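> test case, fold it:
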Amino acid sequence: MRGSTPSFLVSLAATMLASGLARAQVAENDDESPADRQASLNYEEALRADVLGKHLEAQQLAAQALAVSPDGRYAPAARRLLEHLTADALSEPARVSGDRALGSKIAYVLSGGILGGGTGFLLGIGSNTSLGAGISLVGIAVGVGATLLSTPAVHDGSAPVHLWSWGTYGAWMAGAAALLWNVDGSTAAKLIGVGAAVGGLLGSLLGTATDLTAADGLAGLVVGNQVLGDVLIFEIALAYSSLSPATIGATILALGTVGYVGGELLNHRIHWSPGRWGLILLSAVVGTAFASLPLLASVTSSGPAVATLLAAGSILGFTVGCVVTIGMHPDDARRPPIPVRGSPAAALLPAVPAGTLAWAF
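Model prediction:
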């Protein structure tokens, strides 16, 4: 909400007066067309939404007023309001809440440290315990330091989410490559570590240099893992003995790319919020957990039964999450990316523990 409390009250009073005049005009002009009457209602609601700080809703209502009656009585006022709201939206990044930006930066730095530590641990597999721990510590330090350098580019929460989403995607792709190349366990772990780091780097770039939102990144994570998880459950539990590792690796490569990229592009059109995707992810996890209870109770141990239960629970939980969150608010309006201050390369440094690559292979 913009301005001080007195200015807000003045604006609210002016809006109420404008609404009253609009209604009076409609009442006095019974010969007014239905399109003009609908446009007046849309314009009135747009004014009220703007005063209440619901700027995206106001923009949509003003556009509807113009679409209903482009040449009617309220068209000039609706057009001026829409231009005003559009100008405000273009300058919105400069007014992002400090608390929100701070929270995003903290999440980004912590994510970089965790991803760097995980990468260092995977790169250190096969070393002695002390050396492995040292590599992990170096990874944490480099991850935290790299993300601290690039925090000026973090403004709306999209960078941390894209870091995790594409870090996970990179790990999946590296695991698929390990299966295709049939490498040993230690080398596979190192490949997965490098894949996660590179994926996180590219994801951070996506989150800072494009208009993709945090919800887009979370959609890719949820949809990608949902598709991969359900198919892999059946591939591994039903027919692992008859499938080569290369077949499973090829499945991961194909479905992982379709799921992650498709999820982001899908949300870029439907505009579901991060909160909604988070609840859908939680619902899928809870559904899978409930489906695993018969396994824990030793009711069944056969491969087909296990695969059917887990996949059915995951799909049911995902579907229920989509249905029960229908009324949630849409994703934030797209905003132009904020230029990165300082070195452009700073936006490319989420969690790549460069100092640990000497131990990779």
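
> what segments of the stretch 101-250 of the chain are strands?
With DSSP state E, counting those that start in this stretch, there are no strands along the stretch 101-250 of the chain.

> any stretches of it with poor pLDDT?
Applying pLDDT under 70 to the stretch 101-250 of the chain flags residues 101, 126, 153, 155-156, 237-241.

> can you pull out the helices in it?
129-150, 158-181, 185-209, 214-239, 245-270 (DSSP state H, counting those that start in this stretch).

> for the first one, packing partners?
Going back to what we said before, that points to helix 129-150. On a contact count with 3 or more CB pairs under 8 Å, 6 or more residues apart in numbering; DSSP states H and E, helix 129-150 meets helix 98-123. For glycine as for every other residue, the C-beta is placed from the backbone atoms N, C-alpha and C.

> what angle separates the helix it packs on from helix 129-150?
Put simply, helix 98-123 runs at 150 degrees to helix 129-150, going by axes from the mean of the first three to the mean of the last three CA atoms, to 10 degrees.

> tell me which other helices or strands helix 98-123 touches.
helix 129-150, helix 158-181, helix 185-209.

> okay, buried residues for it please.
101, 104-105, 107-109, 111-123 (16 or more other CB atoms under 10 Å).

> quick one: that helix to helix 185-209, angle?
Relative orientation of helix 98-123 versus helix 185-209 (the same axes, to 10 degrees): 160 degrees.

> from the chain's centre, how far out does helix 98-123 sit?
16 Å (CA atoms, centre = their mean, to the nearest Å).

> average model confidence for stretch 296-316?
Here stretch 296-316 scores 80 as its mean pLDDT.

> give me the contacts around that stretch.
Stretch 296-316 has contacts (CB atoms under 8 Å, 6 or more residues apart in numbering) with 226, 229-230, 233-234, 236-238, 240, 284, 287-292, 294-295.

> quick one: it to chain centroid distance?
30 Å.

> now do stretch 220-236
18 Å.

> ditto for stretch 284-302
Offset of stretch 284-302 from its chain centre (CA atoms, centre = their mean): 29 Å.

> of the helices and strands packed on helix 98-123, which is nearest Ser273?
helix 158-181 (12.1 Å; CB to CB).

> buried stuff in the closest one?
158-180.

> surely Leu212 touches Ala159?
No - with contacts counted by CB atoms under 8 Å, Leu212 stays clear of Ala159, the gap being 10.2 Å.

> so for the helix or strand hosting Phe290, mean pLDDT?
Using DSSP states H and E, the element containing Phe290 is helix 274-291. Averaged over helix 274-291, pLDDT sits at 91.

> quick one: distance of that helix to the chain centre.
Remark: helix 274-291 is offset 15 Å from the chain centroid, using CA atoms, centre = their mean.
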